[in-house]
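**Q** okay, here's the prediction I keep looking at, along with the sequence it came from:
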Amino acid sequence: MSDAYLAVINPAAGGGRCGKHFPAALERLREAGIEVDTAQTSGPGQASELVRAAWAEGRRRFIAVGGDGTGYEVVNGLFPAATGSTERPVLGFLPLGTGNSFLRDFTDQGAEHTIEALSKGARRPCDVIRLTHADGALHYINILSIGFVADVNGLRARRFKRWGEFGYVLAVITAVAGLRARGYPMRVDEGELDEALQVFSSFNNSKFTGGKMMMAPHADTSDGKIAVIRVGEMGRLSLLATFPKIFGGTHVHHPAVTTCQAVRVELSVSEAIDVMVDGEALQVVPRVLDVLPGALDVVV
């Protein structure tokens, strides 16, 4: 078993910025006395494959070098293999991508903070949230959303990706034009099935999404709970007026917004829907969200 960290590098992250800057960041780690091996990805899903194979070979320390999507793939390479393991995986981050939302719960210093934390050996337990869906399961440590937020992310991925950052603007405009509240019947813990219409719902492990947007100000990565944000029926103008408040987390005070914390959420959805998970655009039939408490050690 190697004690070295395996740095899983997505050189395409951040529009190629990661590919330009990761050599210097890794050199700084080595200068600090941290043993690091490297593996670069060349396409979607490869980070999960690399990590899954490395875990099977006995590796337990990893660094996600890229953005939120890279971290998501690394986590899904570790789980479910690491579920219930007596050796918790260790995950650090060199945030050289676009969003880098998870790390913002702990610092706004980015790679500088990570290099210092790795040098000191700083670790803390982190929950992992599992979504069981019709075709299997996925795991995440940041955020999963359905409804409007997922619609925007899906539109950008499928129709406007070639437009870069402006693609997000086009996706928002398109999603707002077609805005409607929909039914996503769900049961939170042992409560009754709630069939109220919603604009969107978000199931959070950490506070931030999209870099600086504080979707879930009450989220805690180590409390064993899912921070649930539900936005009920809301018109286009109200949504546009409320949206900027997400940067300070005050959107949760809108009368259409409800929040709670849960250990389990059951969804009663009959067909595949858009899901945004840690920035990734997926279509699944979601069934159950639950928590793997403290299943991961993060270096922060």
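**A** Happy to help now that I have it.

**Q** per-domain residue ranges of this structure.
**A** By the assignment in automatic domain parsing, the chain contains the domains 5-122, 136-294.

**Q** same question for the longest one, mean pLDDT?
**A** Averaged over domain 136-294, pLDDT sits at 92.

**Q** please state the offset of the strand or helix carrying residue 157 from the chain centre?
**A** Secondary-structure assignment from DSSP states H and E places residue 157 in helix 148-158. With CA atoms, centre = their mean, to the nearest Å as the basis, helix 148-158 stands 15 Å off its chain's centre.

**Q** C-terminal to it, what's the next element?
**A** helix 166-177.

**Q** output the contacting helices and strands for that following helix.
**A** helix 148-158, helix 236-242 (3 or more CB pairs under 8 Å, 6 or more residues apart in numbering; DSSP states H and E). Backbone N, C-alpha and C define where each C-beta goes, glycine included.

**Q** okay if I get the domains of the chain as a markdown table plus mean neighbour count and distance to residue 130?
**A** Formatted as a markdown table, the domains of the chain follow (neighbours: other CB atoms under 10 Å; distance: least, CB to CB, whole Å):
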| stretch | mean neighbour count | distance to residue 130 |
| --- | --- | --- |
| domain 5-122 | 19 | 7 |
| domain 136-294 | 18 | 5 |
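
**Q** for the ones you listed, which one sits closest to residue 129?
**A** With CB to CB as the measure, domain 136-294 is the member of the domains of the chain nearest residue 129 (5.1 Å).

**Q** what's the span of the closest one, first residue to last?
**A** 22 Å (CA to CA, to the nearest Å).

**Q** re the thing from before, out of the domains of the chain, which gets nearest to residue 128?
**A** Relative to residue 128, the nearest member of the domains of the chain by CB to CB is domain 136-294, separated by 4.4 Å.

**Q** centre of the chain to that closest one, how far?
**A** In terms of CA atoms, centre = their mean, the centre of domain 136-294 is found 11 Å from the chain centre.

**Q** cool, stretch 275-295 as well?
**A** 9 Å.

**Q** next one: stretch 114-127
**A** For stretch 114-127, the distance to the chain centre is 19 Å (CA atoms, centre = their mean).

**Q** hmm, who's touching it?
**A** Residues outside stretch 114-127 that contact it (CB atoms under 8 Å, 6 or more residues apart in numbering) are 5, 25, 28-29, 32-34, 63, 88, 90-95, 103, 141, 205, 221-225, 291-300.

**Q** try it again at 7 Å.
**A** Around stretch 114-127, the neighbours that count as contacts under CB atoms under 7 Å, 6 or more residues apart in numbering are 28-29, 32, 34, 90, 92-95, 141, 205, 221-222, 224, 291-300.

**Q** which of the residues you listed fall in helices?
**A** Mapping these onto helices (DSSP state H) picks out 28-29.

**Q** and the contacts of stretch 114-127, which of them are in strands?
**A** Among these, DSSP state E puts 90, 92-95, 291-298 in strands.

**Q** wait, which of the residues you listed is closest to residue 216?
**A** Minimum distance to residue 216 across the ones in strands among the contacts of stretch 114-127 is 14.2 Å, recorded for residue 291 (CB to CB).

**Q** the closest one reaches residue 129, doesn't it?
**A** Yes: with contacts defined as CB atoms under 7 Å, residue 291 counts as touching residue 129 at a distance of 5.8 Å.

**Q** give the residues shared as contacts by the two.
**A** residue 226.

**Q** could you dump stretch 192-209 to CSV, C-alpha only?
**A** Taking Å, rounded to 0.1, in the frame of the first residue of the first chain, the C-alpha atoms of stretch 192-209 are listed here in CSV:
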residue,chain,number,x,y,z
GLU,A,192,-46.0,12.5,5.3
LEU,A,193,-45.7,12.4,1.5
ASP,A,194,-45.5,16.1,0.4
GLU,A,195,-47.0,16.6,-3.1
ALA,A,196,-46.8,20.4,-3.1
LEU,A,197,-45.7,22.0,-6.4
GLN,A,198,-42.1,23.3,-6.4
VAL,A,199,-40.0,25.5,-8.6
PHE,A,200,-36.9,23.6,-7.4
SER,A,201,-35.5,21.6,-4.5
SER,A,202,-31.9,21.3,-3.4
PHE,A,203,-30.3,18.6,-1.2
ASN,A,204,-27.1,19.9,0.2
ASN,A,205,-24.1,18.6,2.1
SER,A,206,-22.2,21.9,1.9
LYS,A,207,-23.2,25.6,1.8
PHE,A,208,-22.1,26.8,-1.6
THR,A,209,-22.8,26.1,-5.3
